[in-house]
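Participant: model this:
(one chain, ligands or ions: 1)
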Amino acid sequence: MLQLFKIHRHFQDGIPDYLARHYWWAYLWRPAIWFFDHEWVINLILFTQYRQLKQETLKLFEHSSTAKTLQLTCVYGSLTPSLLQKLKPSSLFVCDVSHRQLEKLSSKIDNKDQLHMTRMNAEHLAYKDNSFSSILVFFLLHELPDDARLRVLAETLRVLQPGGTLICTEYGNLASNHFLHRFAPIRWSITWLEPFLDNFWRQDLVTILNEQALPMGKTVQLKSKKTLFSGFYQILELEVIQHKNKS
Ligand SMILES: C[S@@+](CC[C@H](N)C(=O)[O-])C[C@H]1O[C@@H](n2cnc3c(N)ncnc32)[C@H](O)[C@@H]1O
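Facilitator: Predicted coordinates for the structure are as follows:
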């Protein structure tokens with residue numbers, strides 16, 4: 001339906017096909033960027049859980065090494081400005097494949113010296129191995145097709161240094177007892193708008209992270225897991241360990 005009239009073709013300048021095709025209306029179209037960047041809108045989309053998701057995510061930075069932090073892609077709302085406050089005086093690196101998203105982020109930040117923004121596809125990060133001590137991925141993974149998700153995870157693990165922390169805030173797994181999962185019309189509406197969510201719901205993130213980490217001689221250990229809204233959302237704190245030299 002959202003692909004009717006091939007509108008996505010207007011957004012294809014260096015943008016991954018899945019993003020232009022399925023999410024132009026959310027991340028690439030200027031009126032949408034203006035609209036979705038209101039906290040009440042995000043809060044509605046996240047079934048009123050936005051503030052808590054944000055707070056719980058930021059809390060994890062209180063005991064992580066924040067010497068060099070990467071936020072993988074832009075997000076709507078005040079998460080990035082709040083994260084910058086938390087990291088002060090350390091700086092934050094943010095990459096996103098959409099220049100419009102980077103422009104929007106820039107407009108929300110006063111102290112631009114603390115922020116390093118780069119237009120980059122997260123499937124092929126132009127950072128050196130082991131560059132970052134912590135990485136935040138906030139509601140990105142469920143928006144990626146399976147193959148892109150695996151590439152993004154592999155790149156994330158490559159650029160995260162041993163001992164570093166990966167924080168993933170995401171949808172939880174599909175559960176038979178959550179009313180939003182059980183109620184088919186809601187489930188269909190969500191997965192109509194989010195075409196890659198259904199697969200993501202069924203994947204165990206720690207397992208697929210470890211599969212990607214293996215060829216790098218790294219492993220990923222779950223340090224903490226917080227679920228919100230009866231498990232509909234999850235916040236994972238993971239540590240990356242180097243157990244042998246890269247094969
Ligand atoms: C983080 S996700 C979803 C965030 C969440 N819905 C929110 O705003 O709170 C959306 C961002 O990911 C970016 N994005 C998607 N795929 C990408 C990729 N392969 N590389 C870099 N950025 C990507 C989009 O341009 C968009 O800015």
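
Participant: report the backbone C-alpha coordinates of the helix ranked longest in the chain in PDB.
Facilitator: In the chain, taking DSSP state H as the definition, the longest helix is helix 146-159. Below are the C-alpha coordinates for helix 146-159, written out as PDB (Å, rounded to 0.1, in the frame of the first residue of the first chain):
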ATOM      1  CA  ASP A 146      17.100  -9.800   8.200                       C
ATOM      2  CA  ASP A 147      20.300  -9.500   6.000                       C
ATOM      3  CA  ALA A 148      20.700  -5.800   6.800                       C
ATOM      4  CA  ARG A 149      20.200  -6.400  10.500                       C
ATOM      5  CA  LEU A 150      23.000  -9.000  10.500                       C
ATOM      6  CA  ARG A 151      25.300  -6.700   8.700                       C
ATOM      7  CA  VAL A 152      24.500  -3.800  11.100                       C
ATOM      8  CA  LEU A 153      25.100  -6.100  14.100                       C
ATOM      9  CA  ALA A 154      28.400  -7.400  12.700                       C
ATOM     10  CA  GLU A 155      29.600  -3.900  12.100                       C
ATOM     11  CA  THR A 156      28.500  -2.800  15.600                       C
ATOM     12  CA  LEU A 157      30.500  -5.600  17.100                       C
ATOM     13  CA  ARG A 158      33.500  -4.900  15.000                       C
ATOM     14  CA  VAL A 159      33.700  -1.200  16.100                       C
END
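
Participant: residues of that helix that come out buried?
Facilitator: Within helix 146-159, the residues scored as buried using 16 or more other Cβ atoms under 10 Å are Ala148, Arg149, Leu150, Arg151, Val152, Leu153, Ala154, Glu155, Thr156, Leu157, Arg158, Val159. In this view, the C-beta of every residue, glycine as well, is placed from N, C-alpha and C.

Participant: keep only these that also lie close to the ligand.
Facilitator: For the ligand, no contacts are drawn from the buried residues of helix 146-159 by Cβ under 6 Å from any ligand atom.
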